[in-house]
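> need a 3D model of the sequence below.
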Amino acid sequence: MLLAAPRGYCAGVERAIEAVQEVLRRHGPPVYVRKQIVHNTHVVDDLTRRGAIFVDELDEVPDGALVVFSAHGVAPAVKGEAARRDMRTVDATCPLVTKVHKEAVRLAGEGHEIVLIGHADHEEVEGTLGEAPDRIHVVDPARTEELRTGGSARMSWLSQTTLSVDETMTAVARLRERFPQLADPPSDDICYASQNRQEAITRIAAECELVIVVGSANSSNSRRLVEVALSAGAGAAHLVDRAGDADERWLDGVETVGVTSGASVPEVLVSELLDWLLARGFADVEPVTLTEETLTFSLPPELRSARHSG
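Sure, this is the predicted structure:
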């Protein structure tokens with residue numbers, strides 16, 4: 001069995017979860033969280049037991065209540081509604097997503113037409129779109145031909161941070177066939193953690209008859225790991241929320257299993273899967289480490305200032 005690393009929590013996920021835990025510790029329940037703080041059912045269930053209340057929109061939150069914005073980011077209109085209703089807010093948006101928001105604002109201010117490569121129903125894309133809705137066109141990376149625009153002289157692309165590098169650059173190449181003036185962003189928008197996890201599974205996939213990715217179905221970066229594993233040569237690849245979702249039939253004729261997890265997955269869920277595989281004869285675990293991740297993010301400023309003030 002080959003165990004890919006890096007895997008599991010990224011710095012942005014750790015920061016967001018810690019933010020909710022810290023708010024609960026300081027203020028006690030209930031604490032409202034707009035959308036899932038991260039896309040993992042185990043994490044959401046655990047925080048719900050501690051007193052977090054997850055809502056889809058702010059109209060489910062009482063005026064003046066305490067609300068945390070998820071790691072995926074929110075549009076300025078959402079922040080404006082919270083302010084109008086006197087809500088106390090903690091913004092747990094991943095700093096890497098915030099970077100994309102700032103790029104969108106800057107490009108729009110400079111008169112660029114912005115092509116945002118991503119999935120329209122993803123919270124991250126909704127938040128970025130809200131920064132400059134009159135200047136941004138969202139296009140699915142697999143359906144770039146659906147982009148409808150006249151193509152102004154100044155065009156730039158941005159992307160959802162959890163896409164795979166390959167699908168993003170393939171989409172850019174297709175877009176440039178129609179819009180050769182399309183400019184690159186100042187830096188790659190793909191999250192370092194998404195890229196590291198994709199490269200790690202790529203390293204082992206060709207040696208595996210089966211790859212199992214631990215992650216929730218609504219986790220974009222986890223689903224990408226399945227796709228990357230298959231494209232890199234894995235015989236089969238499956239996404240499981242936890243070990244109980246795995247199917248013994250997948251193991252028929254399999255000698256080498258590869259295991260990894262998405263960026264919002266706690267390591268305990270990977271350990272459960274390893275135990276499940278151990279019980280079925282896969283006793284030898286060989287860690288395969290692409291790189292060591294040392295990046296950390298400080299808590300949101302609302303919590304840092306409160307900590308300093310006592």
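
> after the helix or strand containing residue 16 comes which helix or strand?
Residue 16 is part of helix 11-27, with elements assigned from DSSP states H and E. From helix 11-27 onward toward the C-terminus, using DSSP H and E, the following helix or strand is strand 31-34.

> what mean pLDDT does that following strand get?
On average, the pLDDT along strand 31-34 is 98.

> and what of stretch 197-215?
In this model, stretch 197-215 has a mean pLDDT of 97.

> what residues sit buried inside it?
Along stretch 197-215, the positions that meet the burial threshold by neighbour count (16 or more other CB atoms under 10 Å) are 197-202, 204-205, 207-215. In short, each C-beta sits where N, CA and C put it, glycine included.

> in helices, which of these appear?
Counting by DSSP state H, the members of the buried residues of stretch 197-215 that fall within helices are 197-202, 204-205.

> quick check, nearest of those to residue 26?
Ranked by distance to residue 26 (CB to CB), those are led by residue 197 at 32.3 Å.

> what sits against that closest one?
Residue 197 is in contact with 4, 6-7, 221, 225, 260, 262-263, counting by CB atoms under 8 Å, 6 or more residues apart in numbering.

> the residues you listed in helices, which ones?
For the contacts of residue 197, membership in helices holds for 221, 225, with DSSP H as the criterion.

> in the contacts of residue 197, find the pair that's most separated.
The most widely separated members of the contacts of residue 197, counting by CB to CB, are 4 and 221 (13.6 Å).

> ranges for the helices of this structure?
All helices of the chain, identified by DSSP H, fall at 11-27, 41-50, 76-84, 95-109, 123-129, 165-178, 192-205, 220-231, 267-278, 301-308.

> run the chain-centre distance for the shortest one.
The chain centroid and the centroid of helix 123-129 are separated by 12 Å, computed with CA atoms, centre = their mean, to the nearest Å.

> list the buried residues of that helix.
If you call a residue buried by 16+ other CB under 10 Å, then helix 123-129 has these buried ones: 123-129.

> from those, pick the one nearest residue 143.
Compare each of those with residue 143 using CB to CB and the shortest gap goes to residue 125, at 14.0 Å.

> the closest one reaches residue 160, doesn't it?
Yes. Counting by CB atoms under 8 Å, residue 125 touches residue 160, with 5.5 Å between them.

> shared neighbours of those two, anything?
Listed contacts common to residue 125 and residue 160 are 116, 118-119; contacts here mean CB under 8 Å, 6+ apart.

> I'd like these laid out as CSV, including neighbour count and distance to residue 186.
Formatted as CSV, the entries for the shared contacts of residue 125 and residue 160 read as follows, by neighbours: other CB atoms under 10 Å; distance: CB to CB, whole Å:
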residue, neighbour count, distance to residue 186
116, 24, 15
118, 26, 18
119, 18, 23
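
> now intersect the residues you listed with the strands, please.
Among the shared contacts of residue 125 and residue 160, the ones falling in strands (DSSP state E) are residue 116.

> quick check, nearest of the shared contacts of residue 125 and residue 160 to residue 193?
When the shared contacts of residue 125 and residue 160 are compared for distance to residue 193 (CB to CB), residue 118 comes out closest, at 16.7 Å.

> for that closest one, what are its contacts?
Residue 118 makes contact with 124-125, 128, 138, 140-141, 159-160, 163 under the criterion CB under 8 Å, 6+ apart.

> let me know the pLDDT of residue 149.
88.

> who are the contact partners of it?
Counting by CB under 8 Å, 6+ apart, residue 149 makes contact with 113, 115, 137, 179.

> can you put these in TSV and add neighbour count?
Formatted as TSV, those follow (neighbours: other CB atoms under 10 Å):
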residue	neighbour count
113	23
115	24
137	16
179	19
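
> CSV please, covering the residues you listed and showing distance to residue 255 and pLDDT.
Supplementary listing: the contacts of residue 149 in CSV, determined by distance: CB to CB, whole Å; pLDDT from 0 to 100:
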residue, distance to residue 255, pLDDT
113, 52, 96
115, 44, 97
137, 47, 97
179, 47, 95
